[in-house]
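> mind folding the following:
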Amino acid sequence: MGVGGCLVVPWRCLVVLCLRLVFLVPAGVPVRSGDATFPKAMDNVTVRQGESATLRCSVDNRVTRVAWLNRSSILYAGNDKWCLDPRVVLLSNTKTEYSIQIQDVDVYDEGPYTCSVQTDNHPKTSRVHLIVQAVGFVSEDEYLEITGITREQSGEYECSASNDVAAPVVRRVKVTVNYPPYISDAKSTGVPVGQKGILQCEASAVPAAEFQWYKDDKRLVEGQKGVKVESKAFFSRLTFFNVSEQDYGNYTCVASNKLGNTNVSIILYEISEPTSSTLFQEETTTALTPWKGPGAVHDGNNGTSRRAGCIGLLPLLLLHLLLKF
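Residues are numbered from 1 along each chain as shown. Okay, here's the model as predicted:
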């Protein structure tokens, strides 16, 4: 406990009572206006936590009794120490000054201290307030309230506490916002028969989502012949190594966590694989179409253009013959 929690042994209780009656210093009694200038206490004392605080009270030869009190507890009465706290020591008790020192000050020592004197048969008091600066101390009343928080507000927040005593103290707090899954990307895919096909489903969620795949009402599991299910933290992939006619259709991706679930339908559909004749037709059309893009040069000679087209067509004809045989 602090300086204010001084212990008084039972046999002294009567003496304490008498002393209080002599000094008439109930807690909180200020100096009355019109009183003499004594005792004259110093202004408020400000020290850092861990330092020593000196409390001084100016007196004169009219003073017959002196005491220092903290709230309602007596620290010193004259030269006699009434507080068991070893940090409290008497510095001076002369005809001009009565002072004490509190060593290794802590935050619970902060508060009012009273210098009480008896002079001309009239008790007088004067107060000094001890202020303790606690470096790095952050009030528990300081907080940040986020109403209706969204997942976009998750992340790291920084709190800084500072005063004119030392450098700011910075603390960081990571805020995690839990929310149910939502699927951000899922596209239907066209694949020719016999080729490799992939359906992918991406979902964001905290905690991370678990994925399940269904075709109609049947769940697809890892190890099923010809199909591989691969799930990571934010996506799941369904791979067909050799697509057959039976693989085409509607698939459902389900993403879920403890807060909820969502799903999306993805279609694996059939497309025709390009043949050699289709390729030849497309390339022929491309070769015979004059280029009219930027940088094209036309000299008005149609015969020249046709000869250039025939020259470009020759390799394609050779390729077509080779493919036939």
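> remind me which residues of the stretch 51-200 of the chain are low pLDDT?
Counting by pLDDT under 70, the stretch 51-200 of the chain has low-confidence residues at 72, 136-142.
> and the helix or strand containing Arg237, which strands flank it?
Assigned by DSSP states H and E, Arg237 belongs to strand 235-240. Strand pairing for strand 235-240, determined by DSSP bridges: strand 197-206 (antiparallel), strand 227-231 (antiparallel).
> state the mean pLDDT of the helix or strand following that strand.
Per DSSP H and E, the first helix or strand lying C-terminal to strand 235-240 is strand 249-257. Average pLDDT, strand 249-257: 95.
> partner strands of the following helix or strand past strand 249-257 and their direction?
Using DSSP H and E, the helix or strand that follows strand 249-257 towards the C-terminus is strand 260-270. Here strand 260-270 is paired, per DSSP bridges, with strand 189-191 (parallel), strand 249-257 (antiparallel).
> in the first one, what counts as buried?
Meaning strand 189-191. 189, 191 (16 or more other C-beta atoms under 10 Å). C-beta coordinates here come from the backbone N, C-alpha and C atoms, glycine included.
> on that earlier part again, out of the strands paired with strand 260-270, the one nearest Tyr182 is which?
Nearest to Tyr182 among those is strand 249-257; the distance by C-beta to C-beta comes to 8.1 Å.
> what is the end-to-end distance of stretch 43-57?
Criterion C-alpha to C-alpha, to the nearest Å; first-to-last residue distance in stretch 43-57 is 10 Å.
> can you list contacts of that stretch?
39-42, 66, 68, 91-92, 97-107, 109, 113, 115, 117, 126, 128-135, 165 (C-beta atoms under 8 Å, 6 or more residues apart in numbering).
> on that earlier part again, what lies in contact with the strand holding Arg237?
Against strand 235-240 from outside (C-beta under 8 Å, 6+ apart): 191, 196-203, 211, 213, 220, 226-231, 247, 251, 253, 255, 268.
> please redo it, this time with the cut-off set to 10 Å
183-186, 189, 191, 195-204, 209-213, 215, 220, 226-231, 247-248, 251, 253-255, 266, 268 (C-beta atoms under 10 Å, 6 or more residues apart in numbering).
> related to what we said a few turns ago, quick check: which of the strands paired with strand 260-270 is buried the most?
Of the strands paired with strand 260-270, the one with the most neighbours on average (mean count of other C-beta atoms under 10 Å) is strand 249-257, at a mean of 19.
> looking at the strands paired with strand 260-270, which is nearest to Glu145?
Comparing the strands paired with strand 260-270 under C-beta to C-beta, the one sitting nearest is strand 249-257, at 26.2 Å.
> thinking again about what came up before, drop anything exposed from the contacts of strand 235-240.
183, 186, 189, 191, 197, 199-204, 209-213, 215, 227, 229, 231, 247-248, 251, 253-255, 266, 268.
> can I get stretch 241-261 in PDB, CA atoms only?
Provided in PDB are the C-alpha atoms of stretch 241-261 (Å, rounded to 0.1, in the frame of the first residue of the first chain):
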ATOM      1  CA  PHE A 241      -8.000 -36.300 -66.600                       C
ATOM      2  CA  ASN A 242      -9.900 -37.800 -69.600                       C
ATOM      3  CA  VAL A 243     -13.300 -36.200 -70.100                       C
ATOM      4  CA  SER A 244     -16.100 -38.500 -71.200                       C
ATOM      5  CA  GLU A 245     -19.600 -37.900 -72.300                       C
ATOM      6  CA  GLN A 246     -20.800 -38.900 -68.800                       C
ATOM      7  CA  ASP A 247     -18.700 -36.100 -67.200                       C
ATOM      8  CA  TYR A 248     -20.600 -33.300 -68.900                       C
ATOM      9  CA  GLY A 249     -23.200 -31.600 -66.900                       C
ATOM     10  CA  ASN A 250     -23.900 -29.300 -63.900                       C
ATOM     11  CA  TYR A 251     -21.600 -29.300 -60.900                       C
ATOM     12  CA  THR A 252     -22.200 -27.600 -57.500                       C
ATOM     13  CA  CYS A 253     -19.400 -26.100 -55.400                       C
ATOM     14  CA  VAL A 254     -20.300 -25.700 -51.700                       C
ATOM     15  CA  ALA A 255     -18.100 -23.600 -49.400                       C
ATOM     16  CA  SER A 256     -18.900 -23.600 -45.700                       C
ATOM     17  CA  ASN A 257     -17.500 -22.700 -42.200                       C
ATOM     18  CA  LYS A 258     -19.000 -22.400 -38.700                       C
ATOM     19  CA  LEU A 259     -20.700 -19.100 -39.600                       C
ATOM     20  CA  GLY A 260     -22.500 -20.300 -42.700                       C
ATOM     21  CA  ASN A 261     -22.300 -21.700 -46.300                       C
END
